[in-house]
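Colleague: build the 3D model from these lines:
(2 chains)
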Amino acid sequence: MKQPIQLTIPSDSKYLKLSRTVLNHLLSFHEIPESLIRKLVLCVDEACSNVIKYGYGGNCESPIEISYSIDEDQFVVKIRDYGKKCDVQKIKPRHLDDVRPGGLGTYFINEIMDSVEYCTESEKGTLLIMTKNLRSAFSQSCTNE
Amino acid sequence: MSIDFKTNENPNGVVTLAIQGDMDMNSSPQVRDQLSSLFKKNQKAVIVDLSGVPYIDSSGIATLVEGLQWSHSSKNKFRLVGLSDGVKDVFEIARLLPVFETFETKEQALAGV
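Modeller: Residues are numbered from 1 along each chain as shown, chains lettered A, B, ... in the order given. Presented below is the predicted three-dimensional model:
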């Protein structure tokens, strides 16, 4: 699937389910194990939630542009927003021994994806690029089972 | 795209909150409100039935962690029941499964409270 699938949702949390549904269907077409689909959907959902919360600061009317591509077992998600630039220095997943509400979203993303890159060179907003090698993730999940 | 709740209180002061729908950034504040009002009523135990929850994100997990903290301060029990594979996966990634009391069935969750 060299042609990326693109979806733009408003920065309103009620549309998160829509983006989850689209990604779920897309990954199902590629016969990816259900457990891996769930993890990838979680990562995209957490990234979009962060854009709504921090990038746009709760403004519900701004665009979140999501693009999915799968090429040679490489799953790539790009999430573009035009809000406050992401301060990469401040993104610190919290220590798991510290049982308290909050701070888990970034941990999930870093734990599940192979690479996570925040591009802030544009005048406005952030482009987040997350990648996952599906073949190695699939072999790993088969080994674990 | 909504979330529904059903509460059921037994004569022993144990209340079960059954949640129906995804627990995400959109719905977690509603779950928090429900839990907060149950803890304010000082129930003996709060059991959260998650069998109707197909998806949970970090905000949903955070809400349940908050419930757990309220239960510690009020010295009431807080139990989770009916975690789907998807929900269990997220608890496992967060390594929070051992922190909660989790049960397969409502009968098991109600036992010994």
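
Colleague: give the contact list for residue 24.
Modeller: Went with chain A since none was named. By Cβ atoms under 8 Å, 6 or more residues apart in numbering or on different chains, the contact set of A:Asn24 is A:37, A:41. Yep, even glycine has a C-beta here, placed from its N, CA and C like the rest.

Colleague: actually it's chain B I care about, not the one you picked
Modeller: By Cβ under 8 Å, 6+ apart, the residues touching B:Asp24 are A:13, A:16-17, A:45, A:49, B:55-57, B:59-60.

Colleague: contacting residues for the residue lying closest to B:Asn26 once chain neighbours are set aside?
Modeller: For B:Asn26, ignoring the flanking residues on the chain, the nearest one in space by Cβ to Cβ, 6 or more residues apart in numbering or on different chains is A:Ser13 at 3.8 Å. Residues counted as contacts of A:Ser13 (Cβ under 8 Å, 6+ apart) are A:49, A:52, B:24-26.

Colleague: quick check, nearest of those to B:Leu83?
Modeller: Proximity of those to B:Leu83 (Cβ to Cβ) peaks at B:Asp24, which lies at 16.2 Å.

Colleague: now, the contacts of B:Asp24 that are in helices?
Modeller: The members of these that map onto helices under DSSP state H are A:16-17, A:45, A:49, B:59-60.

Colleague: partner residues bridging the most centrally placed residue in chain B?
Modeller: The centre of chain B sits closest to B:Val48, judged by Cα atoms, centre = their mean, with a distance of 3.2 Å. Taking DSSP bridges, one obtains B:Leu17, B:Leu80 as the residues bridged to B:Val48.

Colleague: hmm, it is touching B:Leu64, no?
Modeller: Yes - B:Val48 lies in contact with B:Leu64 (Cβ atoms under 8 Å); the separation is 6.9 Å.

Colleague: mutual contacts of the two, please.
Modeller: B:Leu80.

Colleague: quick one, what contacts A:Asp12?
Modeller: A:Asp12 touches A:52, A:60-61, counting by Cβ under 8 Å, 6+ apart.

Colleague: give me that answer again for 6 Å
Modeller: A:Asp12 makes contact with A:Cys60, according to Cβ atoms under 6 Å, 6 or more residues apart in numbering or on different chains.

Colleague: pop out the phi and psi values for it.
Modeller: With angles defined as degrees, to the nearest 10, A:Asp12 sits at phi -120, psi 130.

Colleague: measure it to B:Asn8 for me?
Modeller: 33 Å (Cβ to Cβ, to the nearest Å).
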